[in-house]
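Asker: just the structure for this:
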Amino acid sequence: MFKVLLSIVGVLLIIGGIFGFRIYKLSKITTGEKIVENSRPKSALLVLDIQNDTLGIKEYGNTDSLMNNINSAITYAENNHIDILYLTQGFSNPIDKLLSGGLYKKGSVGAELSSQLRVLSPHIFSKEKTDAFSSNELEEYLLKEGITTLYLIGADASACVYKTALGGRNRGYEVIVLSDAVFSINDTFLDRALANYKKNKIKTRVLSEFMN
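Answerer: The predicted model follows:
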């Protein structure tokens, strides 16, 4: 009996190790090519993970006001010649699908951009990891267009927005998070995320400051 229990514990430890390593890989902050100074610097608005599955997460509560802010930021960006780039989370790895509880399955309706989101640009990039810079296509676009400043909005303040901000900072971008246009489970989580931004020298602004 002891040997059986020992075997079960061993299997569970192996499974836990596999899941733990996969979570580490998914959430690891990327490094990449440093941007170069541009005599005519450009900005981009990165809209992260506003998908059907995101809007379906009950812990976010009523997101109407938040979506109004996100859509207002998008409209302002279009009117002021700021590139608008949409990022979507899409899992294809079976372990990732299990870890996500079935959310953001690549090719599913849940992984599509939400109908509540104002889509004013054809630039949509898919990622499988937390940091949006895990998308080579996104990084290539930013470098090709000479973009030096990134404004981040979307989901989630403690996860994809935060890790993308760090990935951008690692490459030399000026990164600014619009604090009233990012999803968070509650005010406590948002306050903690904002404290982490400040600690890591990531700038934050509110929507009104972005639009003035």
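Asker: strands of this structure, start to end?
Answerer: 42-48, 83-89, 124-127, 147-154, 174-182, 203-205 (DSSP state E).
Asker: for the protein, which spans come out with low pLDDT?
Answerer: Residue ranges of the chain with pLDDT under 70: 1-28, 36-40, 96-97, 99-100.
Asker: now with 80, please.
Answerer: 1-29, 31-41, 93-101 (pLDDT under 80).
Asker: centre-most residue in it?
Answerer: In the chain, the centroid-proximal residue (C-alpha atoms, centre = their mean) is Cys160; its distance is 3.0 Å.
Asker: distance of that residue from Arg205?
Answerer: Here the criterion is C-beta to C-beta, to the nearest Å. By it, Cys160 lies 19 Å from Arg205. The C-beta positions use only the backbone N, C-alpha and C, and glycine is treated the same way.
Asker: hang on, the earlier thing: need the strands of the chain in a markdown table (columns: mean neighbour count).
Answerer: Below are the strands of the chain laid out as a markdown table (neighbours: other C-beta atoms under 10 Å):
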| stretch | mean neighbour count |
| --- | --- |
| strand 42-48 | 23 |
| strand 83-89 | 23 |
| strand 124-127 | 18 |
| strand 147-154 | 23 |
| strand 174-182 | 22 |
| strand 203-205 | 16 |
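Asker: out of these, which is closest to Ile29?
Answerer: strand 174-182 (12.4 Å; C-beta to C-beta).
Asker: re earlier: okay if I get the strands of the chain as CSV plus distance to Lys106?
Answerer: Shown next, in CSV, are the strands of the chain (distance: least, C-beta to C-beta, whole Å):
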stretch, distance to Lys106
strand 42-48, 16
strand 83-89, 9
strand 124-127, 7
strand 147-154, 18
strand 174-182, 24
strand 203-205, 31
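Asker: out of those, the one nearest Tyr60 is which?
Answerer: For Tyr60, the closest of the strands of the chain is strand 174-182, at 11.0 Å, according to C-beta to C-beta.
Asker: tell me what that closest one is packed against?
Answerer: When contacts are defined as 3 or more C-beta pairs under 8 Å, 6 or more residues apart in numbering; DSSP states H and E, strand 174-182 packs onto helix 64-79, strand 147-154, helix 160-170, helix 187-199, strand 203-205, helix 207-210.
Asker: re earlier: hang on, isn't the residue nearest to the centre of the chain packed against Leu48?
Answerer: Yes. With contact defined as C-beta atoms under 8 Å, Cys160 counts as touching Leu48 (5.0 Å).
Asker: quick check: neighbours shared by the two?
Answerer: Applying C-beta atoms under 8 Å, 6 or more residues apart in numbering, one finds that Cys160 and Leu48 are jointly contacted by Leu87, Ala132, Gly154.
Asker: ok, the last one to Leu98 distance?
Answerer: To tie it back to what came earlier, the one meant is Gly154. In terms of C-beta to C-beta, Gly154 sits 24 Å off from Leu98.
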